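[1] 3D, please:
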Amino acid sequence: MRMNINHATKAGVTVHEYKVLEKRDPALEAEFDRITNEWLEGKKSGMLQFTMGTVVLENPMDKRYFYAVNADGKMVAFIVFVPFLGKNGYMADVTRHGKDAPGGVMETIIYDAFQIFKEEGVGYGSLGVAPLAGLDSDSKNPSVYDD
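    Numbering: from 1, shown residues only. Below you'll find the model as predicted:
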């Protein structure tokens with residue numbers, strides 16, 4: 001994981017939180033849609049329903065939205081976290097990356113988000129039921145992303 005985070009960091013990836021309830025940003029929200037569309041282009045099926053649904057920027061409730069931008073400031077990936085245990089835990093619910101996302105970007109978002117949760121005193125972080133696509137039990141360096 002450290003190697004993947006280092007790769008994304010060297011590529012100029014930075015992670016930010018979009019606080020939907022504090023101030024809406026239509027341009028940023030269009031980027032969430034663009035990433036979702038790029039992600040869907042690479043899938044063999046349509047949109048799946050996750051634990052709490054989809055991105056749902058119109059009614060975010062207590063979801064937390066973390067996104068990564070590349071060195072040029074273009075959004076390349078995002079993860080939506082849903083609270084559990086009365087907000088003493090957050091679980092990655094929706095994970096998406098665009099076609100230009102560098103390797104390690106998802107790990108970087110997870111790490112940075114979990115560090116923020118820790119600073120806030122949140123007790124638990126979870127990847128939930130994230131599928132281990134591409135996981136090969138014989139591999140010495142398994143990948144959890146099917147890129």
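
[2] tell me which stretches of this structure form helices.
    2-10, 26-41, 105-119 (DSSP state H).

[3] winner for burial among those?
    Each of the helices of the chain was scored by mean neighbour count; the highest is helix 105-119, a mean of 19, by mean count of other C-beta atoms under 10 Å. Quick note: C-beta positions are derived from backbone N, CA and C, even for glycine.

[4] what's it in contact with?
    1, 4-5, 8-9, 13, 15, 17, 64, 66-68, 76-79, 81, 90, 92, 95, 97, 125, 127, 145 (C-beta atoms under 8 Å, 6 or more residues apart in numbering).

[5] quickly list what Pro83 is bridged to.
    Tyr90 (DSSP bridges).

[6] centroid residue for this protein?
    Ile79 (2.1 Å; C-alpha atoms, centre = their mean).

[7] that one against Phe66, yeah?
    Yes: with contacts counted by C-beta atoms under 8 Å, Ile79 reaches Phe66, the gap being 5.3 Å.

[8] if I look at the residue nearest to Lys87 when sequence neighbours are not counted, how far off is Phe81?
    Distances taken as C-beta to C-beta, 6 or more residues apart in numbering place Asp62 nearest to Lys87, at 6.5 Å, with adjacent residues excluded. Distance, Asp62 to Phe81, using C-beta to C-beta, to the nearest Å: 9 Å.

[9] of those two, who's got more company?
    Phe81 (27 against 11; other C-beta atoms under 10 Å).

[10] how about the contacts made by that one?
    Lys63, Arg64, Tyr65, Phe66, Tyr90, Met91, Ala92, Asp93, Ala113.

[11] got a pLDDT number for the fourth one?
    At Phe66 the predicted local distance difference test score is 98.

[12] one more: Asn59?
    At Asn59, the model reports a pLDDT of 80.

[13] quick one: low-confidence ranges for this structure?
    44-54, 129-147 (pLDDT under 70).

[14] hang on, isn't Ala8 packed against Ala77?
    No: applying C-beta under 8 Å as the test, Ala8 and Ala77 come out as separate, 9.3 Å apart.

[15] find residues that contact each of these two.
    Ala68, Val105.

[16] sorry, back to before: could I get the helices of the chain as TSV with distance to Asp72?
    Shown next, in TSV, are the helices of the chain (distance: least, C-beta to C-beta, whole Å):
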stretch	distance to Asp72
helix 2-10	14
helix 26-41	13
helix 105-119	14
